[in-house]
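[1] the following block contains a protein sequence and its predicted model.
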Amino acid sequence: MAEDEGALIRRIAGKDKKAFEALYQLYYRRLFGYLVKVTRRVELVEEVLDDVMLAIWSGAHKFDGRSRPSTWIFGIAYHKAIKALARRRPEETGGHEDEAARIDHEEPESLMVRRELSGVVGKALASLPAEQRAVVELTYFYGRSYQEISAIVGCPVNTVKTRMFHARRKLRLLLPQLGVTSHAG
Amino acid sequence: MREPEDRADRLHQRIWESLPWYVNRTLPPEAAAAVVEHAAVCDRCREEIETCERVAQAVAEAGELAPTPHPVRLTRLLRRIDEHEAGGGRAGIPALLARLRSLAAAAARPLPWMLAAQVAVLLLIGTLLFWPHQEPQFRTLSAPAAVAAEQLTLRVVFNQRATEEEIRRLLLSVRGEITGGPSPFGVYTVTVPASGDPLAKVLEHLRRTPAVELAERAVEPPREGG
């Protein structure tokens, strides 16, 4: 699969729209889920996802094959998500209690989103800064190594470990309902 | 002598930091072996491994919220790409400059006329970029909507198998226009002229069409205050 994705990206570099559509279908759900997890702002996700795909179209010639295609793509998605959040930084209090207000109340489906985001784990993750949340999700949900996370988020391995350190400390305070208690290390 | 204690503390800290990746099984074999060896004699790290496993499980169970991609969404994205390509795109300019630079670098000794030609091309590009131009003849969804006569707002979910042509014909039949969406669950905002067919008739027409799964009048948001 990774080899097929690399071939798709090379074809996209040659402006092959069919290859682009194929990659879009392959990655849409993965990117959507990842962007929801990183931004916790459902209303941002579609806009950021389009920006990511446009960046892939424009920058496919820069993919050199040294990393996995998914690492490269998730890296683009991470940076687009962080930029989108930074543009809205004054609104982001980091508190999950504002999420209900941000979700479009006109959409009945948003109740499903709100339930998912307001669960115990959702609340705990929403309280983390986006950079720490991304590391936690990439580790535990997406099963990435710290080297891959370093490549995705574009920072040294030690920074990845530091972000995880702080995230673990905060989560420890917020997840007693899961029986999660631990020492400081 | 504190040195052995310091070394033990540093080892413990290094192991402790690596535990999330021991739990998700991505540590290199020798690092994983070091965790196993250390955890055998360290209660705190053994407990932290259990903690990380519970967190990992909770995060995995939280699941992933991701709808399937809607064809209209992809169509809109492809149109945006066409506009990007047709406009030269801001991203296209750095690439063009890079090509010009590589051309200049490829020449052993760039001739003066080549340098003058490059400058002329750059000046032309800059002029085209900043020259006032007319609005494009078609309007993208992100462009500000023209002020229209009174409109009625509907929420519509199209059938996943509906083609772009079917959706287009359907909207033309009710003089409807997509002005928002899709939401993560595929809900579009469609406006129809208030001066057209009665709303009940429009909704009935939409609901009867196989291309439509749901059609409702939009609920207006409650006004703040008062």
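    Yep, it's here.

[2] how about B:Arg73: what's its closest non-neighbour residue?
    Once flanking residues are discounted, B:Arg73 sits nearest to B:Pro182: 5.8 Å by C-beta to C-beta, 6 or more residues apart in numbering or on different chains. Bear in mind the C-beta positions are built from the backbone N, C-alpha and C, glycine included.

[3] surely that neighbour meets B:Tyr188?
    Yes. In this structure, B:Pro182 is within contact of B:Tyr188 by C-beta atoms under 8 Å, at 5.4 Å.

[4] who touches both of these two?
    Common contacts of B:Pro182 and B:Tyr188, defined by C-beta atoms under 8 Å, 6 or more residues apart in numbering or on different chains, comprise B:Val72.

[5] can you map out the strands along chain B?
    B:151-158, B:177-180, B:187-193, B:212-217 (DSSP state E).

[6] mean pLDDT per helix and strand in the chain: which one sits at the bottom?
    By default, I'm working from chain A. Every helix and strand in chain A was compared by mean pLDDT, DSSP states H and E; the lowest is helix A:99-102, with a mean of 42.

[7] hmm, no, I was thinking of chain B.
    Per mean pLDDT, DSSP H and E, bottom of the list for chain B is helix B:92-106, a mean of 51.

[8] find the nearest non-adjacent residue to A:Thr39, please.
    A:Ala81 (5.2 Å).

[9] same question for A:Phe165.
    A:Phe165's closest residue in space is B:Glu17 (C-beta to C-beta, 6+ apart), at 6.4 Å.

[10] what's the local residue count around that neighbour?
    18 (other C-beta atoms under 10 Å in any protein chain shown).

[11] that one against A:Val160, yeah?
    No. With contact defined as C-beta under 8 Å, B:Glu17 does not reach A:Val160; the gap is 9.9 Å.

[12] so, low pLDDT: which residues of chain A?
    Chain A contains residues with pLDDT under 70 at A:1-3, A:89-119, A:175-185.

[13] let me fix that: chain B
    Ranges of chain B meeting pLDDT under 70: B:1-2, B:63-65, B:88-116, B:119-120, B:125-149, B:219-226.

[14] can you do 80?
    B:1-5, B:61-71, B:87-149, B:160, B:183-185, B:196-197, B:219-226 (pLDDT under 80).

[15] helices along that one, start to end?
    Listed in chain order, the helices of chain B (DSSP state H) span B:3-23, B:29-39, B:43-62, B:71-86, B:92-106, B:112-130, B:164-173, B:199-208.

[16] same thing with chain A?
    A:2-13, A:17-39, A:42-59, A:69-87, A:99-102, A:110-118, A:120-126, A:130-140, A:146-153, A:157-174.

[17] can you redo those as a markdown table with distance to B:Thr68?
    Below are the helices of chain A laid out as a markdown table (distance: least, C-beta to C-beta, whole Å):
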| stretch | distance to B:Thr68 |
| --- | --- |
| helix A:2-13 | 19 |
| helix A:17-39 | 7 |
| helix A:42-59 | 13 |
| helix A:69-87 | 18 |
| helix A:99-102 | 24 |
| helix A:110-118 | 15 |
| helix A:120-126 | 22 |
| helix A:130-140 | 21 |
| helix A:146-153 | 24 |
| helix A:157-174 | 31 |
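
[18] could you dump these to CSV with mean neighbour count?
    As requested, the helices of chain A are exported to CSV (neighbours: other C-beta atoms under 10 Å in any protein chain shown):
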stretch, mean neighbour count
helix A:2-13, 16
helix A:17-39, 20
helix A:42-59, 20
helix A:69-87, 20
helix A:99-102, 14
helix A:110-118, 17
helix A:120-126, 22
helix A:130-140, 23
helix A:146-153, 22
helix A:157-174, 18
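
[19] out of the ones you listed, nearest to B:Arg169?
    helix A:17-39 (22.6 Å; C-beta to C-beta).

[20] for the closest one, name the packing helices and strands.
    helix A:2-13, helix A:42-59, helix A:69-87, helix A:130-140, helix B:71-86 (3 or more C-beta pairs under 8 Å, 6 or more residues apart in numbering or on different chains; DSSP states H and E).

[21] distance to B:Arg25 for these - can I get that in JSON lines?
    Formatted as JSON lines, the helices and strands packed on helix A:17-39 follow (distance: least, C-beta to C-beta, whole Å):
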{"stretch": "helix A:2-13", "distance to B:Arg25": "18"}
{"stretch": "helix A:42-59", "distance to B:Arg25": "28"}
{"stretch": "helix A:69-87", "distance to B:Arg25": "18"}
{"stretch": "helix A:130-140", "distance to B:Arg25": "11"}
{"stretch": "helix B:71-86", "distance to B:Arg25": "35"}
